[in-house]
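Q: return a 3D structure for these sequence lines:
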Amino acid sequence: MIRCKRAYEPAAADDGQRILVDRLWPRNCAKNQLSLDGWNRDVAPSTDLRHAFKQGELDFDTFRSRYRQELTGRPEHWMPLLDAARQGNLTLIYAARDALHNNAQVLAEWLEDELDREDAPSSPVCYANEPHRD
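A: Modelled structure (predicted):
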């Protein structure tokens with residue numbers, strides 16, 4: 001199971017692996033105060049994309065689309081998260097105030113889509129021996 005949690009919320013026993021997925025460390029949060037199993041800053045949106053969204057230059061749907069494009073080009077950054085999700089619970093930690101409109105939510109959707117893609121059949125059904133229908 002993949003979930004998202006704000007950095008300022010306490011860790012829970014069922015969080016599983018807790019990975020910070022922001023490019024910047026959360027404000028007012030001491031490094032020894034945050035319970036993490038890792039920090040994957042490279043999976044975060046590019047600085048330009050993050051700034052454009054934060055400044056209101058992009059709506060969330062545009063941000064989501066552009067961030068997903070960035071993820072497409074950088075599988076080496078999100079594949080370790082996919083491996084962690086296969087092993088058990090994975091909690092993506094983020095600092096944004098908005099719990100629904102942030103990079104961790106988009107990343108969680110992306111990872112869920114990738115897991116679903118793995119479960120899908122690898123090839124279409126073969127109709128070679130079926131009679132041809134016009």
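Q: check which helix or strand the most centrally placed residue in the chain maps to.
A: The centroid of the chain falls nearest to residue 107 when counting by C-alpha atoms, centre = their mean (1.9 Å). Assigned by DSSP states H and E, residue 107 belongs to helix 103-119.
Q: can I get the CA coordinates of that helix in PDB?
A: The C-alpha coordinates for helix 103-119 follow below in PDB (Å, rounded to 0.1, in the frame of the first residue of the first chain):
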ATOM      1  CA  ASN A 103       4.000  16.100  -5.600                       C
ATOM      2  CA  ALA A 104       3.700  13.200  -3.300                       C
ATOM      3  CA  GLN A 105       0.000  12.600  -4.300                       C
ATOM      4  CA  VAL A 106       1.000  12.600  -8.000                       C
ATOM      5  CA  LEU A 107       4.000  10.300  -7.300                       C
ATOM      6  CA  ALA A 108       1.700   7.900  -5.400                       C
ATOM      7  CA  GLU A 109      -0.700   7.800  -8.300                       C
ATOM      8  CA  TRP A 110       2.200   7.200 -10.700                       C
ATOM      9  CA  LEU A 111       3.600   4.300  -8.600                       C
ATOM     10  CA  GLU A 112       0.100   2.800  -8.300                       C
ATOM     11  CA  ASP A 113      -0.300   3.000 -12.100                       C
ATOM     12  CA  GLU A 114       3.000   1.300 -12.500                       C
ATOM     13  CA  LEU A 115       2.100  -1.500 -10.100                       C
ATOM     14  CA  ASP A 116      -1.300  -2.000 -11.900                       C
ATOM     15  CA  ARG A 117       0.600  -2.100 -15.300                       C
ATOM     16  CA  GLU A 118       2.800  -4.900 -13.900                       C
ATOM     17  CA  ASP A 119      -0.300  -6.900 -12.900                       C
END
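Q: which elements pack onto it?
A: Using 3 or more C-beta pairs under 8 Å, 6 or more residues apart in numbering; DSSP states H and E as the contact test, the elements touching helix 103-119 are strand 2-6, helix 60-72, helix 75-87, strand 90-94. C-beta here means a position set from N, CA and C on the backbone, and glycine is covered the same way.
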